[in-house]
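Trainee: 3D, please:
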Amino acid sequence: MGGEVPLEQRTDRDLLAQHCAGDGAAFGELFRRHRDRMWAVALRTTGNRELAADCLQEAFLAAFRRADSYRGDAAVTTWLHRIVVNACLDRLRRERPVVPLPDREIADRHDATGQVETRLDVHEALARLPEGQRIALVLVDMHGLPVAEAAAVLEVAEGTVKSRCARGRAALATLLGPSVTGVAEPSGAP
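Mentor: A predicted model of the protein is given here:
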């Protein structure tokens, strides 16, 4: 087949259609293209590497098995995001922590060695947010999805994503305080 387009040059939609038609390599190419981004979504959603790995595996297996459920009304990446987020949410609901997160002292943002601590503080604060706010912030602020695409992933209205992001950002600012968010205390404050 001299005129066949190599896998790497096919569109996501073509690969998914070819997978449904029995092409054994097509889904592998989709996985190769999108695994890193989906891994990041799973990791930021769950906050746990092992749990994220399990969720990502479940999500890609679900996508592999239910590829024929893709209707084509959104991008394949939006469809994959939805599957990954749903796998994470399902797992998190089943494995709610029984011990509350410990209170930690916020790292000094001017301390170069404290950058890792700051990152941990942000992840911990993110974990304290309500699920809807956390997922909206992960998709929009951390992964740069447009609000419309995040709304499609979450299957909610765009206004809902915007309000969840706004409430989540406000809650993060409160949880993290001025030392992480960079908000200065008013001069003359006690």
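Trainee: Pull out the buried positions in stretch 79-96.
Mentor: For stretch 79-96, burial by neighbour count (16 or more other Cβ atoms under 10 Å) applies to 79-89, 91-92. Every C-beta, even on glycine, is put in place using the N, C-alpha and C of the backbone.
Trainee: Which of those residues fall within strands?
Mentor: Among those, DSSP state E puts none in strands.
Trainee: Among those, which one lies nearest to residue 56?
Mentor: Nearest to residue 56, judged by Cβ to Cβ, of those is residue 84 at 6.5 Å.
Trainee: Helices along this structure, start to end?
Mentor: 12-20, 26-46, 49-65, 76-94, 115-128, 131-137, 147-154, 158-181 (DSSP state H).
Trainee: name the helices or strands packed onto the last one?
Mentor: This points to helix 158-181. With contacts taken as 3 or more Cβ pairs under 8 Å, 6 or more residues apart in numbering; DSSP states H and E, helix 158-181 sits against helix 115-128, helix 131-137, helix 147-154.
Trainee: Could you check the pLDDT of the closest residue to residue 92 other than its chain neighbours?
Mentor: What sits nearest to residue 92 in space, not counting adjacent residues and going by Cβ to Cβ, 6 or more residues apart in numbering, is residue 46, at 6.3 Å. If you check residue 46, the pLDDT there is 88.
Trainee: do the same with residue 119
Mentor: On the pLDDT scale, residue 119 gets 66.
Trainee: circling back: out of the helices of the chain, nearest to residue 4?
Mentor: Going by Cβ to Cβ, the one of these nearest residue 4 is helix 12-20, 10.7 Å.
Trainee: Nearest residue to the spatially most central residue of the chain in space, ignoring adjacent ones along the chain?
Mentor: Geometric centre of the chain, nearest residue: residue 41, 2.7 Å, by Cα atoms, centre = their mean. Excluding the flanking residues, the one nearest residue 41 by Cβ to Cβ, 6+ apart is residue 84, at 5.3 Å.
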